[in-house]
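In: need a structure here:
(2 chains)
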Amino acid sequence: MILVIDALNRHLFDDVLDEMFKLRKRVFADRMGWDVTVRNGREMDEFDELDPAYIVCLDDRHQVTGCARLLQTTGPHMLSDVFYDILDGEPPLRSVTIWESTRFCVDRDKLTKGRARNSVSYATCELMAGILEYGRDSGIQDIITVIDPVMDRVMKRSDNAPYGYVGKTADMGKVKALAALCDCTDERIARVRAFAGIEGDIFLDEQAVLEGRKSAGMDSLGTELETYCDAQIAAATSQHERAAALALREALTEMLRSRRNINA
Amino acid sequence: MELVDLAATPQGQSDFVRYLAQVCDQTGVEYASYAAASPVNGKVFAFTTYPDRWKQHYMQQELHLADPTLHTASRSIAPVDWSRLERTESFNSVFDQARDFGIPDVGLTIPIRGPYGETGLFSVTSSTTPEDWLKLRKRIIADLQLAAVYMHDRVMKSDRLIDLLRYPALSRREIEILQWVAAGKTQQDIGDILSISPRTVEVHLRSSREKLNALSTAQAVGRAISMGLISPS
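Out: Numbering: from 1, shown residues only, chains lettered A, B, ... in the order given. Take a look at the predicted model:
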């Protein structure tokens, strides 16, 4: 299922985003070897500071299994400010009805093979449907997405072939990247859904996620420490500070857990 | 932060308000307004179809300093339905007063991020029930997005400094396609000539129109010719 996190609700889901940044590190830095910045075991860049919208895929236990990041093309975005190579030095497309999707990935370690609900294939399609539906419902007509040739093949196989490309294929570290175009039409959404067998509303209710994660025992810190950590996270004024506050909470959780194990 | 009512400025900005009124008529919303902060001098430009009484009250009380439809909405990339803002204190402080002036609290704000970090905010309110609003919103959201960017470009052009910065940066592909349009080719023709899909042609044309601040492709071709970006054929 899909959770949309943006500047308006991210204070509720800092821990989900933290999991997401760690997933991005495993995928883009470790597995794909992209030339990305990793701090504290998390992959983040300057576009994460620009209040993007994150489309986050969660499994039935509300654990992060995939994500993508959306930005308006009228403002600063990756194709305009980073991927000059793809555009060959040309100015990017700019339209209020086109969004840019970047950092699309799923967690191969948590997901299974095959086509069932918790498979890589299903999560990939759910994520694609999430991007397209969130765009469509916001009045967006097209998504331009920066992907590698593998993702391009995945999209073609999932009955979600891009209708066009912009610029050229460029080198990004060990692999190549290209910019593909997809329309947010009902037809395309129906094709992706049909391919994976996705039915019904895929968007999660905020409250349900909060309660689900709480009862899954994600918060194993003592009340006082937890309050302190939450206050630190809430008071963070930059992505960097937030990451540091989250790392502190994680370290404390880990420490307390191991101490409990020793005592027991 | 200074708030400037654009309708009251001498440069004849009342056509902005007329445009907003048109948007209201065409989409069936009650009121529309637009606000943007200049990245150059931080001034907030605004105009609206709200009744004068509310406008004066809003300016006198400097409600723009607390208004969540401005501050919170500017950080979203998608349109922000005001139902998402209801939980905040600032929402109540502004909307309790709005209600006294008969301003509905059902509505949404569309944030437009510009290339120089500026944000334009286009808001509409509706006096329908929340259920009818959902249906109306679905139908008009795409039109509102286009209206929002049109307003934003017009206002940004009215700021001389920004206008100088905003010389349209068209890509070679966009120029090439406009040149073929000027030669009388259809989108299908152009797609065949350039070996790209018609929708890719269309997406470049849409981007060109917005960069040239044109409402139609014909107008975009005219502007591109007058700027010497393409040649008349």
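
In: what about the strands in the stretch 101-250 of chain A?
Out: A:142-147, A:164-172, A:175-183 (DSSP state E, counting those that start in this stretch).

In: mean pLDDT lowest where, among these?
Out: Lowest mean pLDDT of those: strand A:164-172, a mean of 89.

In: dead centre of the chain: give me the residue that sits there.
Out: Since you didn't name a chain, this refers to chain A. What sits nearest the mean C-alpha location of chain A, by CA atoms, centre = their mean, is residue A:67, with 2.3 Å.

In: wrong one, I was asking about chain B
Out: residue B:148 (1.8 Å).

In: which positions in the stretch 51-200 of chain A make contact with chain B?
Out: Within reach of chain B by CB under 8 Å from any CB of the partner chain, the stretch 51-200 of chain A has these residues: A:51-53, A:70-76, A:80, A:87, A:90-99, A:134, A:137-142, A:163-166, A:181, A:183. Where C-beta positions appear, they are placed from N, C-alpha and C, glycine not excepted.

In: for chain A, give me its nearest residue in chain B.
Out: Scanning chain B for the residue nearest chain A gives residue B:113, at 2.7 Å (criterion: CB to the nearest CB).

In: re earlier: isn't the residue nearest to the centre of chain B right up against residue B:113?
Out: No. Residue B:148 is not in contact with residue B:113 according to CB atoms under 8 Å; the separation is 11.2 Å.

In: extract the C-alpha trace of stretch A:136-148 and format it as CSV.
Out: Written as CSV, here are the backbone C-alpha positions of stretch A:136-148 (Å, rounded to 0.1, in the frame of the first residue of the first chain):
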residue,chain,number,x,y,z
ARG,A,136,-3.6,12.5,-11.9
ASP,A,137,-5.6,13.5,-8.8
SER,A,138,-3.4,16.6,-8.5
GLY,A,139,-4.2,17.7,-12.1
ILE,A,140,-0.9,16.4,-13.5
GLN,A,141,-0.8,15.1,-17.0
ASP,A,142,2.7,13.6,-17.4
ILE,A,143,5.6,12.3,-15.3
ILE,A,144,9.2,12.6,-16.5
THR,A,145,11.3,10.1,-14.7
VAL,A,146,15.0,9.6,-14.4
ILE,A,147,15.7,5.8,-14.6
ASP,A,148,18.4,3.3,-15.5
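
In: dump the residue contacts of residue 199.
Out: This is for chain A. residue A:193 (CB atoms under 8 Å, 6 or more residues apart in numbering or on different chains).

In: you answered for a different chain; I wanted chain B.
Out: A:142, A:163-164, A:181, A:183.

In: please redo it, this time with the cut-off set to 6 Å
Out: residue A:163 (CB atoms under 6 Å, 6 or more residues apart in numbering or on different chains).

In: can you tell me how far it sits from residue A:162?
Out: Residue B:199 is 10 Å from residue A:162, where distance means CB to CB, to the nearest Å.

In: tell me the domain ranges of the chain?
Out: Since you didn't name a chain, this refers to chain A. With domains defined by automatic domain parsing, chain A comprises A:2-215, A:223-257.

In: not quite, I wanted chain B
Out: Residue ranges for each domain of chain B read B:3-163, B:170-226, as given by automatic domain parsing.

In: least confident of these, on average?
Out: By mean pLDDT, the lowest-scoring of the domains of chain B turns out to be domain B:3-163, with a mean of 83.

In: ok, residue A:63 to residue A:109 distance?
Out: Distance, residue A:63 to residue A:109, using CB to CB: 11 Å.

In: check residue B:87 too.
Out: With CB to CB as the criterion, residue B:87 and residue A:109 are 36 Å apart.

In: okay, residue A:47: pLDDT?
Out: Confidence score, pLDDT, at residue A:47: 94.

In: please enumerate the helices of the chain.
Out: I went with chain A, as the question did not name one. All helices of chain A, identified by DSSP state H, fall at A:14-24, A:78-81, A:84-87, A:120-137, A:149-157, A:186-196, A:206-215, A:223-235, A:239-263.

In: sorry, I should have been clearer: chain B.
Out: B:14-27, B:52-60, B:68-71, B:89-100, B:130-158, B:160-165, B:172-182, B:187-194, B:198-211, B:217-226.

In: quick one: contacts for the residue in the stretch 1-150 of chain A positioned nearest to chain B?
Out: Closest residue of the stretch 1-150 of chain A to chain B, CB to the nearest CB: residue A:75 (2.7 Å). Counting by CB under 6 Å, 6+ apart, residue A:75 touches residue B:113.

In: for it, what are phi and psi?
Out: Per-residue torsions, residue A:75: phi -100, psi -170 (degrees, to the nearest 10).

In: distance check, it against residue B:117.
Out: Residue A:75 sits 7 Å away from residue B:117, going by CB to CB.

In: try residue A:240
Out: With CB to CB as the criterion, residue A:240 and residue B:117 are 20 Å apart.

In: close to chain A, is stretch B:217-229?
Out: No. Stretch B:217-229 lies apart from chain A when judged by CB under 6 Å from any CB of the partner chain; the minimum separation is 12.0 Å.

In: that stretch: which residues count as buried?
Out: For stretch B:217-229, the neighbour count (16 or more other CB atoms under 10 Å in any protein chain shown) marks B:217, B:220-221, B:223-225, B:229 as buried.

In: residues touching the closest residue in space to residue B:200 that isn't next to it in sequence, list them.
Out: Leaving aside its sequence neighbours, residue B:200 sits nearest to residue A:164 (CB to CB, 6 or more residues apart in numbering or on different chains; 3.2 Å). Contacts for residue A:164 (CB under 6 Å, 6+ apart) come out as A:181, B:196-197, B:200.

In: among these, name the buried ones.
Out: A:181, B:196-197, B:200.

In: which two in these are spaced the farthest apart?
Out: Pairwise distances across the buried ones among the contacts of residue A:164 (CB to CB) peak at 9.7 Å, for the pair A:181 and B:196.

In: report pLDDT for the residue of the stretch 1-150 of chain A closest to chain B.
Out: Model confidence at residue A:75, given as pLDDT, is 88.

In: same check, this time on residue A:15
Out: In this model, residue A:15 is scored at 94, pLDDT.

In: again with residue A:129
Out: Listed pLDDT for residue A:129 reads 97.

In: doesn't residue A:192 make contact with it?
Out: Yes. Between residue A:129 and residue A:192 a contact is recorded at 5.0 Å, counting by CB atoms under 6 Å.

In: what's across from the residue of the stretch 101-250 of chain A found nearest chain B in the sheet?
Out: Proximity of the stretch 101-250 of chain A to chain B (CB to the nearest CB) peaks at residue A:164, 3.2 Å away. Listed beta-bridge partners, residue A:164: residue A:181 (assigned using DSSP bridges).

In: quick one: it from residue B:198, how far?
Out: Residue A:164 is 9 Å from residue B:198, by CB to CB.

In: likewise for residue B:114?
Out: Counting by CB to CB - residue B:114 and residue B:198 are separated by 29 Å.

In: between the two, who's got more neighbours?
Out: Taking other CB atoms under 10 Å in any protein chain shown, residue B:114 and residue B:198 do not tie; residue B:114 has more neighbours (22 against 16).

In: distance of the more buried one relative to residue A:66?
Out: Residue B:114 is 31 Å from residue A:66, where distance means CB to CB.

In: and for residue A:145?
Out: Computed with CB to CB, the distance linking residue A:145 and residue A:66 is 14 Å.

In: ditto for residue A:120
Out: For residue A:120 relative to residue A:66 (CB to CB), the value is 9 Å.
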